[in-house]
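> have a look at this prediction, sequence included:
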Amino acid sequence: MGKKFEKEYDVRYYETDVNKRLLVSRLTNFFDDCAVAQSEKLGIGIEFLNSKGFSWYLYQWDIKIERLPVFGEKVLVRTEPEDFYNFYATRSFELFDEKENLIATAHSLWIFLDIKNKKVARIPQQIVLTYGVGENQKKNLKPLPVRGPENLSFTSEFIVSFRDLDTNFHVNQGVYIDWAIGSFPLDFLSSNFPSSLKCIYKKQT
């Protein structure tokens, strides 16, 4: 386990759905942003990695949601880098409301990539130590099993546009979640929200 980091967020109107609940994709954006903020504060953020020819690529989310905060709420995201092994790394997240209730958690798996060659690269020990992770790391980091749908009840087609791309020039992780959830009927989404979510990003778009 490494250094913990936390950051506060306001739930803004444009980040919510028809029930004024935070969109799940914005929840993962909060998590993603908090991880980036910690990296920037530690001096191993985006510019540092780009100068070395490396980048982090999110591979998997495993999210559990007790409830989604609503418009006007202030929430706190806490994150902690956990284990590093070869080119894999894991990071945990917690979401707290203003009463310090834990309302969502997430476990994520990341891949360290050589940008030029588009191949995985061994994570430098400098980065591991900067995150405060010691020698007692797991040696068997593996993606969690994600079961695909047995039947496709609802489908939608989407066209990738400039607004969907992140700094790595591929579709941002939250956009895929919007696409997936947006494929359900409106009446279902109006009265339901996911209590858990697993995503694996196998290919970039």
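Structure received.
> so Lys41 sits right up against Phe5, yeah?
Yes - between Lys41 and Phe5 there is a contact at 7.2 Å, judged by Cβ atoms under 8 Å. All C-beta spots, glycine's among them, are computed from the backbone N, C-alpha and C.
> could you check which of the two is surrounded by more residues?
More crowded of Lys41 and Phe5, by other Cβ atoms under 10 Å: Phe5, with 19 against 12.
> what sits against the more buried one?
Counting by Cβ atoms under 8 Å, 6 or more residues apart in numbering, Phe5 makes contact with Cys34, Ala37, Gln38, Lys41, Arg78, Thr79, Glu80.
> who touches the nearest residue to Leu165 once chain neighbours are set aside in this structure?
Distances taken as Cβ to Cβ, 6 or more residues apart in numbering place Val171 nearest to Leu165, at 6.4 Å, with adjacent residues excluded. Residues near Val171 by Cβ under 8 Å, 6+ apart: Val160, Asp164, Leu165, Gln204, Thr205.
> now do the top helix by length along the chain, average pLDDT.
Longest helix of the chain, by residue count under DSSP state H: helix 24-41. Computed over helix 24-41, the mean pLDDT rounds to 97.
> and for stretch 156-164?
Stretch 156-164 comes out at a mean pLDDT of 89.
> what of stretch 193-205?
For stretch 193-205, mean pLDDT rounds to 88.
> measure that stretch end to end?
One end of stretch 193-205 to the other measures 26 Å (Cα to Cα, to the nearest Å).
> what is the distance between that stretch and the centre of its chain?
Here stretch 193-205 shows a centroid-to-chain-centroid distance of 9 Å under the convention Cα atoms, centre = their mean, to the nearest Å.
> residue numbering should commence at 35 henceforth.
Shifting the count to begin at 35 puts that one at stretch 227-239.
> in it, what's buried?
Under the neighbour-count criterion of 16 or more other Cβ atoms under 10 Å, stretch 227-239 has Phe227, Leu231, Cys233, Tyr235 buried.
> out of those residues, which is nearest to Lys86?
Comparing the buried residues of stretch 227-239 against Lys86 with Cβ to Cβ places Tyr235 closest, at 22.5 Å.
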